[in-house]
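J.: A structural model of the following input is requested.
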Amino acid sequence: MLGSHWGMICPSDTPDGESCGLVKTLALLTHITNESDEEGLHKLIISMGVEDLGHFCPHEYYAMGNYLVFINGNIIGLHRQPEKLTSNIRLLRRRGKINEFVSVFIDTKRKSVFVSSDSGRLVRPLIIVKNGVALLR
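T.: Just a heads-up that it's a prediction; the model follows:
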């Protein structure tokens, strides 16, 4: 299956053609990510207070509010303030200091922070809203 544009994808062809409904929307509004510098991102996140797992015993991993931090599925350490870590990563992304397609989210159920910068992910634009007002100008 080939997309009609580089970096865009049409996930399925229909009898009505590529320009129908959801298929057209997905093809026009998603982007397939390219790989970005994982090593630089790793160093940056370590500098933001992520502690090496070697300093902890396994039973301490989830103690005292620790959250495991992953980059592209690889565990890199523990952080005690996941909300602060994710908001700082988002701030750096929005200011253009790191790749615009770096994704970050907190999984409270698993007490983990996931950061993704690998290639092949489908991403879509989102409008940032603060206090009920869109920050888009």
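J.: Below-threshold pLDDT in this protein: ranges please.
T.: Judged by pLDDT under 70, the chain has its weakly predicted residues at 1-26.
J.: And the residue nearest the centre of it?
T.: residue 103 (1.2 Å; Cα atoms, centre = their mean).
J.: Around the nearest residue to residue 65 once chain neighbours are set aside, count how many other residues there are.
T.: Nearest non-adjacent residue to residue 65, counting by Cβ to Cβ, 6 or more residues apart in numbering: residue 80, 5.7 Å away. Any C-beta I mention is one placed from the backbone N, CA and C, and that applies to glycine too. Neighbours of residue 80 under the rule other Cβ atoms under 10 Å: 13.
J.: can you check residue 82 too?
T.: Residue 82, neighbours per other Cβ under 10 Å, totals 22.
J.: ok, it - contacts?
T.: 67, 106, 113 (Cβ atoms under 8 Å, 6 or more residues apart in numbering).
J.: buried subset of the residues you listed?
T.: 67, 113 (16 or more other Cβ atoms under 10 Å).
J.: that older thread, so what's the residue nearest to the centre of the chain closest to, chain neighbours aside?
T.: Residue 103 sits nearest to residue 116 (Cβ to Cβ, 6+ apart), 4.4 Å away.
J.: Could you report the neighbour count for that neighbour?
T.: Using other Cβ under 10 Å: residue 116 sits among 19 other residues.
J.: Does residue 44 lie in a helix or a strand, and which?
T.: helix 38-47 (DSSP states H and E).
J.: Quick one: name whatever helix or strand follows that helix.
T.: strand 67-71.
J.: Distance of the nearest residue to residue 125 once chain neighbours are set aside relative to residue 49?
T.: With sequence-adjacent residues excluded and distances taken as Cβ to Cβ, 6+ apart, residue 125 is closest to residue 29, at 6.7 Å. Here the criterion is Cβ to Cβ, to the nearest Å. By it, residue 29 lies 35 Å from residue 49.
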